[in-house]
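Engineer: Just the structure for this:
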Amino acid sequence: MMMFMRKGALGATASSSAIWLLLQQHMEMGIFPFPPNFPSFLLFHRHHITTSACTEKPSLPQKYCGFGSNTSNDISIDDALTSFYRMVRMNPRPSVVEFGKFLGSIAKKKQYSSAVSLCNQMDLFGVTHNVYSLNVLINCLCRLSHVDFAVSVMGKMFKLGIQPDAITFNTLINGLCNEGKIKEAVGLFNEMVWSGHEPNVISYNTVINGLCKNGNTIMAVRVFRKMEQNGGKPNVVTYNTIIDSLCKDRLVNEAVEFLSEMVDRGIPPDVVTYNTILHGFCSLGQLNEATRLFKEMVGRNVMPDTVTFNILVDGLCKEGMVSEARCVSETMTEKGVEPNAYTYNALMDGYCLHNQMDEAIKVLGIMIGKGCAPNLSSYNILINGYCKSKRMNEAKRLLSEMSEKNLTPDTVTYSTLMQGLCQVGRPREALNLFKEMCSSGLLPDLMAYSILLDGFCKHGHLDEALKLLKEMHERRIKPNIILYTILIRGMFIAGNLEVAKELFSKLSADGIRPDIWTYNVMIKGLLKEGLSDEAYEFFRKMEDDGFLPDSCSYNVIIQGFLQNQDSSTAIQLIDEMVGKRFSADSSTFQMLLDLESHDEIISRFMRGSSQHTKMK
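Structural biologist: Now for the predicted structure:
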């Protein structure tokens, strides 16, 4: 246990010299567990101890000023200390059990800082601790994300001869897990076992949950099996935690095995169990398995809830089965479950994905008719659908409608509209929306800048693009490789070869590493300018810089050499591409077919049946 103890003493300020002297005495006696850097806000927060507080007539009104029964969470440190001082001045003084209950009542109201301060005061006034009061202190410190200080309290327990109990260990293990200190949590769990404390199901569940949250499902399963070996009995929470983690790792079949295991052991799965696996199947597009599991769920008398139906509706929509999804949504009411905003949003998104905007708008009407208010996501989905359908006037109308319904657009709303406008050749309108977004108090992000830059570059407005880049620097928004690649491509489109090459050279100076897309853009641009040798050098430089050419890289350079009438090099690159198990895309293959009739090298190559087949 010594590995979890912390050395140190606490320095605190108080207006009374008597209290300060008492504090020094306790520090010399080693009573305080906290180190010197313990956060000061947890001590005498907004309060000065005065003699008037100590000379006040001792009284204990209604369970210490009502803290035992008051349901309000708004407890000030002044009120808490006032009640505490009344307790310590009583004669006879209340027992340590009553002090513990008092601390616990404050902690239950989530006044963790106040509870920690009062624990300090208990030491100052010589009020003894028990395992309950120190467990409250540990819990409060963990809630305040000061788990290291909470661990030091366990050291104080041993100094005072107080034995930690299962709650002590469980609280600390949970605190360590919440702060991502899984190794320390597992170590404390092991020490709990070695010190003779039998871990209960909460102990195991806490460790398993911590491991799963940190993506260590394999270790979580090992702890689960160890629990069984040691005679522990997992409950539905244990199984749900493991099942959820397996589904997040896309191991849905393994999750189903755990479901079967819990049924065999007589542990009834609940709606959370089934919802988790249903979501796993839908995420993998396995709708048949999801439907089978849904029927099993109903057969076991586990009533589906709104989440269950929403998972099915969303899964069906994503697989293009919008009609089936709508049928599911309509049966919800029959089962006593009302559709919510998420249900309607999933349906609208499904219709939008298939450009059925009229149907999507009908769903919006049904949603409003049922008394379910559309939210920001509802409008973002519809705006995105209209933009993809190039129906920009309807998309902009929805933006106006949002303000009428007191819904504030976010960066997603504006970015979606800007991208739609740029795609239909209206980048200046997109810039006006960008300015409107900024004037409304929304800070533009890299995505918004990327959309505008891409729109301006594609339509030849390079001056506007460069102005945006300058504005980004003024706003201290650092451009990333995506932005630079957009600009480089824009310069090639406009025929500004030297500026494109200069931007690429500037990357290393700005500490930005090019990616494979950047190289592909450079290669394509150089080939477009007829600079085949430079393009080939860039192609080879990719590998030197740690980027292996992909299928796109090969097709880009092969098409460039074919356009520049260098058939020999193109054929060599095709052989190399096939050797690396990449295929010619439709554009490359069509170019070869077009050249076959009048290029002898291409003609001989195309007649080679084995190569011909492999290339396809």
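Engineer: only C-alpha atoms for contact and neighbour calcs from this point on.
Structural biologist: Fine.
Engineer: thought Phe125 was touching Val88?
Structural biologist: Yes - Phe125 lies in contact with Val88 (C-alpha atoms under 8 Å); the separation is 7.3 Å.
Engineer: more neighbours, those two?
Structural biologist: The residue with more neighbours, out of Phe125 and Val88, is Val88; 19 against 15, by other C-alpha atoms under 10 Å.
Engineer: Assign that one to helix, strand or coil.
Structural biologist: Judged by DSSP: H, G, I helix; E, B strand; the rest coil, the three-state class of Val88 is helix.
Engineer: repeat for the one 3 residues further on
Structural biologist: Three states are possible here, and by three-state DSSP the one that applies to Asn91 is coil.
Engineer: That one: neighbouring residues, count only.
Structural biologist: 9.
Engineer: Could you pull up the contacting residues of it?
Structural biologist: The contact partners of Asn91, by C-alpha atoms under 8 Å, 6 or more residues apart in numbering, come to none.
Engineer: Val97 versus that one, what's the distance?
Structural biologist: 16 Å (C-alpha to C-alpha, to the nearest Å).
Engineer: go on, Val307?
Structural biologist: Distance from Val307 to Val97, by C-alpha to C-alpha: 44 Å.
Engineer: And Glu359, by the same measure?
Structural biologist: Applying C-alpha to C-alpha, the value for Glu359 to Val97 is 65 Å.
Engineer: next one: Leu251
Structural biologist: 49 Å.
Engineer: Export only the CA atoms of stretch 309-318, formatted as PDB.
Structural biologist: This file holds the C-alpha atoms of stretch 309-318, laid out as PDB (Å, rounded to 0.1, in the frame of the first residue of the first chain):
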ATOM      1  CA  PHE A 309     -36.600   2.000 -32.700                       C
ATOM      2  CA  ASN A 310     -34.200   4.900 -33.500                       C
ATOM      3  CA  ILE A 311     -31.300   2.500 -34.000                       C
ATOM      4  CA  LEU A 312     -33.400   0.500 -36.500                       C
ATOM      5  CA  VAL A 313     -34.800   3.500 -38.300                       C
ATOM      6  CA  ASP A 314     -31.300   5.000 -38.700                       C
ATOM      7  CA  GLY A 315     -29.800   1.700 -39.800                       C
ATOM      8  CA  LEU A 316     -32.400   1.100 -42.400                       C
ATOM      9  CA  CYS A 317     -32.100   4.600 -43.800                       C
ATOM     10  CA  LYS A 318     -28.300   4.300 -44.100                       C
END
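Engineer: Quick one: residues in contact with that stretch.
Structural biologist: With C-alpha under 8 Å, 6+ apart as the criterion, stretch 309-318 contacts 275, 278-279, 282-283, 285, 287, 290, 322, 324-326, 328-329, 332, 342-343, 346-347, 349-351.
Engineer: can you rerun that using 7 Å?
Structural biologist: Under the criterion C-alpha atoms under 7 Å, 6 or more residues apart in numbering, residues 279, 282-283, 322, 324-325, 328-329, 342-343, 346-347, 350 lie in contact with stretch 309-318.
Engineer: Where does pLDDT dip in this structure?
Structural biologist: For the chain, applying pLDDT under 70 flags the ranges 1-78, 80, 609-616.
Engineer: Spatially central residue for it, please.
Structural biologist: Centrality entry for the chain: nearest residue to the mean C-alpha point is Lys213, 11.4 Å, by C-alpha atoms, centre = their mean.
Engineer: neighbours of Ile558, just the number please.
Structural biologist: Should you count by other C-alpha under 10 Å, Ile558 turns out to have 26 residues around it.
Engineer: List the residues that contact it.
Structural biologist: 570, 573.
Engineer: does it belong to a helix or a strand, and which?
Structural biologist: Secondary structure assigned from DSSP states H and E places Ile558 in helix 551-563.
Engineer: and the angle from whatever helix or strand comes next after that helix to helix 551-563?
Structural biologist: For helix 551-563, the succeeding helix or strand toward the C-terminus, using DSSP H and E, is helix 567-579. Interaxial angle, helix 567-579 versus helix 551-563 (axes from the mean of the first three to the mean of the last three C-alpha atoms, to 10 degrees): 160 degrees.
Engineer: Surely Ala290 touches Cys282?
Structural biologist: Yes - between Ala290 and Cys282 a contact is recorded at 6.5 Å, counting by C-alpha atoms under 7 Å.
Engineer: I'd guessed Thr128 sits against Ser95; true?
Structural biologist: No - contact criterion C-alpha under 7 Å: Thr128 and Ser95 do not qualify, at 8.9 Å.
Engineer: quick one: which of the contacts of stretch 309-318 is nearest to Asn480?
Structural biologist: Among these, Ser283 lies closest to Asn480 (C-alpha to C-alpha), at 30.9 Å.
Engineer: Please enumerate the helices of the stretch 251-400 of the chain.
Structural biologist: Under the criterion DSSP state H, counting those that start in this stretch, helices of the stretch 251-400 of the chain are mapped to 252-264, 271-283, 287-299, 306-318, 322-334, 341-353, 357-369, 376-388, 392-404.
Engineer: Check the offset of the fifth one from the chain's centre.
Structural biologist: When C-alpha coordinates are averaged (C-alpha atoms, centre = their mean, to the nearest Å), helix 322-334 and its chain have centres 30 Å apart.
Engineer: Convert that helix to CSV, retaining C-alpha atoms only.
Structural biologist: Only the C-alpha atoms of helix 322-334 are listed here, as CSV (Å, rounded to 0.1, in the frame of the first residue of the first chain):
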residue,chain,number,x,y,z
VAL,A,322,-36.2,4.4,-46.2
SER,A,323,-39.7,3.0,-46.9
GLU,A,324,-39.0,0.1,-44.4
ALA,A,325,-37.6,2.7,-41.9
ARG,A,326,-40.8,4.7,-42.2
CYS,A,327,-42.9,1.6,-41.5
VAL,A,328,-40.8,1.0,-38.3
SER,A,329,-41.4,4.6,-37.2
GLU,A,330,-45.1,4.3,-37.8
THR,A,331,-45.3,1.2,-35.6
MET,A,332,-43.6,3.0,-32.7
THR,A,333,-46.8,4.6,-31.6
GLU,A,334,-48.6,1.3,-31.8
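Engineer: any residues touching that helix, and which ones?
Structural biologist: Residues outside helix 322-334 that contact it (C-alpha under 7 Å, 6+ apart) are 313, 316-317, 338-339, 347, 350-351.
Engineer: Check which residues of that helix are buried.
Structural biologist: Buried residues in helix 322-334, counting neighbours by 16 or more other C-alpha atoms under 10 Å, are found at 322, 325-326, 328-329, 332.
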